[in-house]
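Engineer: Sequence plus predicted model, see below.
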Amino acid sequence: MSLGANHFRALYAADPDPWGFRTRWYEERKRALTLAALTRPRYRSAFEPGCSIGVLTNALADRCDAVLGWEIDAGARAEALSSAPAHVRVEPGQVPQDWPGQRFDLVVVSEIGYFLDTEDLRHLIDRCVASLDEQGELVLVHWRHRSSDTPLDGDTVHAEFLCRSGLHPLVSHSEPDFRLAVLAAEETSIAAREGLR
């Protein structure tokens with residue numbers, strides 16, 4: 001079964017930054033690699049479900065005209081909003097049941113896919129694809145090691161996205177600890193976009 005709100009409330013009650021987003025070099029480096037993997041210098045509108053305390057959300061704000069972050073835990077939302085610039089909104093939402101009624105040119109699914117069971121993950125994939133505009137990109141970042149408290153692992157999450165989404169991989173990065181991918185409807189390289197080939 002997918003992990004629900006009570007699981008995350010317990011995590012944040014025990015530690016307001018349970019994954020060390022603000023303190024671990026591992027997280028800082030992974031965030032820098034995520035931003036470097038984006039294939040466009042600027043995006044119109046980004047969506048980050050499960051944005052936690054907003055560290056990646058606020059980093060995305062430097063590259064986006066508008067960012068919408070969703071977080072199920074009220075304390076984490078408040079923390080994310082406390083340092084968010086004006087063009088960032090952080091709202092309550094639980095995926096895949098809830099979904100915003102707009103389209104985005106960037107959707108970032110970072111470290112949330114393995115909290116879902118296979119059925120909910122497939123629902124999430126369908127929602128992500130449906131909400132991308134024609135030039136849209138989908139970013140995936142996931143821990144690869146299996147945890148006893150998650151239904152899936154990161155490799156399974158990425159394999160499901162690649163199989164089900166119909167999107168083309170523009171960027172693929174794999175390390176022993178995490179995987180990073182950028183998928184898009186158009187299989188156009190950055191060099192081709194800039195007329196280099």
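Structural biologist: Sure thing, it's come through. Numbers count the residues shown, from 1 in each chain.
Engineer: Residue 132 bridge partners, please.
Structural biologist: residue 104 (DSSP bridges).
Engineer: So it is in contact with residue 103, correct?
Structural biologist: Yes. Assessed by C-beta atoms under 8 Å, residue 132 is found in contact with residue 103 at 6.8 Å. In this view, the C-beta of every residue, glycine as well, is placed from N, C-alpha and C.
Engineer: Can you name the helix or strand that residue 66 falls in?
Structural biologist: For residue 66, the enclosing helix or strand under DSSP states H and E is strand 64-70.
Engineer: what's that strand in contact with?
Structural biologist: Here strand 64-70 makes contact (C-beta atoms under 8 Å, 6 or more residues apart in numbering) with 42-51, 54, 57, 60-61, 80, 84, 87-95, 98, 100, 104, 106.
Engineer: mind redoing it with 7 Å?
Structural biologist: 43-51, 54, 57, 60-61, 80, 87-91, 93, 100, 106 (C-beta atoms under 7 Å, 6 or more residues apart in numbering).
Engineer: So residue 132 and residue 103 - more neighbours on which side?
Structural biologist: Counting neighbours by other C-beta atoms under 10 Å for residue 132 and for residue 103 shows that residue 132 has the greater number, 21 against 15.
Engineer: Quick check: the more buried one touching residue 107?
Structural biologist: Yes. Under the criterion of C-beta atoms under 7 Å, residue 132 makes contact with residue 107 at 6.2 Å.
Engineer: list the residues that contact both of these two?
Structural biologist: Shared contacts of residue 132 and residue 107, counting by C-beta under 7 Å, 6+ apart, come down to residue 138.
Engineer: Residue 179 contacts residue 158, correct?
Structural biologist: Yes. Using C-beta under 7 Å, residue 179 is in contact with residue 158, at 5.2 Å.
Engineer: who touches both of these two?
Structural biologist: By C-beta under 7 Å, 6+ apart, the residues touching both residue 179 and residue 158 are residue 142.
Engineer: quick one, which of these two is more surrounded?
Structural biologist: Per other C-beta under 10 Å, whichever of residue 179 and residue 158 has more neighbours is residue 158, with 23 against 19.
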